[in-house]
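In: next input, structure requested:
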Amino acid sequence: MSRKRRGLSPEDEDLWRRVAATAVPMHRRQASALPEPEPKAAARRPVTEMPADFTIAPAPRQYRSHVTLQPSVEETVAAHPLRMDAGTFRKMKRGKSEPEARIDLHGMTLAEAHPALIGFVLRAQSAGNRLVLVITGKGKRRDDDGPIPQRLGALRHQVPHWLHAPPLAGAVQQIAQAHLRHGGSGAYYVYLRRR
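Out: Sure thing, here's the model as predicted:
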């Protein structure tokens, strides 16, 4: 069944003619029959003189953005200057020296661990110990997908700062990451000064 095409009514034809008369062509080359609109004259501003003390500011300084990554705790501890005998230090780093005392801070909060560490180090120095082991643990991975990255192991990062700050700074001569047989990156060798 084909439909017969119906023509426009006289009212529709009249309406179509009025709309077509107001239409603006999209492409100029097809609309050559229409007269071109006259270009408007550009409005000119009056020229004013610049003040005598007028200067143009220098170009702004180009700043390079750079990312400074904080060194890892292992790099920070390793960067401390050597303040003890090099041979003894080498022996200690290889795990050949046996610690005379040890404290396990693993599982403590920062508030519990700080006073425990202070008491342990000062008691060990009073007892004449030179090499002690401080076990911090490596830290737990948490399911934290927040925008700010969280450090792994709060104690592991905080203990070197505590050992270099008063009241322990006077008792501690050297800090180094422990050998694997004594805990690896989850523990520190602390070499104490003589009293």
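In: pLDDT below threshold where in this structure?
Out: Low-confidence segments of the chain, defined by pLDDT under 70: 1-4, 28-47, 63-68, 141-146, 148-151.
In: can you give me the helices in it?
Out: For the chain, the helices defined by DSSP state H cover 10-22, 73-78, 86-93, 110-126, 154-164.
In: list the buried residues for the fourth one?
Out: Read it as helix 110-126. Buried residues in helix 110-126, counted by 16 or more other CB atoms under 10 Å: 113, 114, 117, 118, 120, 121, 124, 125. Where you see a C-beta, it was placed from the backbone N, CA and C, and this is true even at glycine.
In: my read: the first one touches residue 155, true?
Out: Yes: under the criterion of CB atoms under 8 Å, residue 113 makes contact with residue 155 at 5.7 Å.
In: overlap in contacts of those two?
Out: Counting by CB atoms under 8 Å, 6 or more residues apart in numbering, the contacts common to residue 113 and residue 155 are residue 105.
In: returning to what we had before: put together TSV for the helices of the chain, with distance to residue 178 on each row.
Out: Shown next, in TSV, are the helices of the chain (distance: least, CB to CB, whole Å):
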stretch	distance to residue 178
helix 10-22	88
helix 73-78	10
helix 86-93	9
helix 110-126	15
helix 154-164	11
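In: nearest to residue 179, out of those helices?
Out: helix 86-93 (6.6 Å; CB to CB).
In: ok, residues contacting the closest one?
Out: Counting by CB under 8 Å, 6+ apart, 82, 97, 131, 174, 176, 179, 189, 191 sit against helix 86-93.
In: cool, and stretch 153-163?
Out: Taking CB under 8 Å, 6+ apart as the rule, stretch 153-163 contacts 73, 76-77, 105-106, 108, 110, 113-114, 117-118, 121, 134, 136-139, 151, 168-169, 172, 175, 185-186, 188, 190.
In: narrow those residues to those that are buried.
Out: For the contacts of stretch 153-163, a burial check counting by 16+ other CB under 10 Å picks out 73, 77, 105-106, 108, 113-114, 117-118, 121, 134, 136-137, 139, 168, 172, 175, 185-186, 188, 190.
In: right, I'll leave it there.
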